[in-house]
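>>> attaching a predicted model along with its sequence, questions to come.
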Amino acid sequence: MKITGRKFILSEKDNASQESFDRVLRKFKKLTRDIIKQAREHSIFEKPSLKKRKKRMANQRNNKRNK
């Protein structure tokens with residue numbers, strides 16, 4: 001599997017290297033996970049103050065868990 005920018009190329013070499021389709025599919029999903037996450041974040045505008053507030057709340061939750 002080759003990654004060039006945002007293009008994903010599944011070459012015949014990858015299939016010939018004895019990787020199952022499931023494994024190649026898993027790799028592809030893992031690579032595209034970040035792109036999908038970023039698209040969801042940008043689909044709705046969020047005020048900067050709201051972003052900061054959410055981040056602060058998440059840090060507070062994580063601090064409570066770690067204690």
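Right, received. Where do you want to start?

>>> from here on, contacts and neighbour counts on C-alpha atoms
Noted.

>>> what about the residue nearest the centre of the chain, distance to residue 27?
Ranked by distance to the mean C-alpha position of the chain (CA atoms, centre = their mean), the top residue is residue 34 at 2.1 Å. Noted for residue 34: a distance of 12 Å to residue 27, by CA to CA, to the nearest Å.

>>> how about residue 41?
22 Å.

>>> hmm, back to that, what's the helix or strand for the residue nearest to the centre of the chain?
Using DSSP states H and E, residue 34 falls within helix 21-43.

>>> then residue 63?
Residue 63 belongs to helix 48-66, assigned by DSSP H and E.

>>> in this protein, where is pLDDT below threshold?
Applying pLDDT under 70 to the chain flags the ranges 1-18.

>>> number of nearby residues for residue 36?
11 (other CA atoms under 10 Å).

>>> now do residue 24
There are 15 residues near residue 24, going by other CA under 10 Å.

>>> likewise residue 33?
Residue 33: 10 neighbours (other CA under 10 Å).

>>> what do you get for residue 53?
Neighbours of residue 53 under the rule other CA under 10 Å: 12.

>>> distance of it relative to residue 40?
Relative to residue 40, residue 53 is positioned 19 Å away (CA to CA).

>>> and residue 46, helix, strand or coil?
Put simply, residue 46 is coil when judged by DSSP: H, G, I helix; E, B strand; the rest coil.
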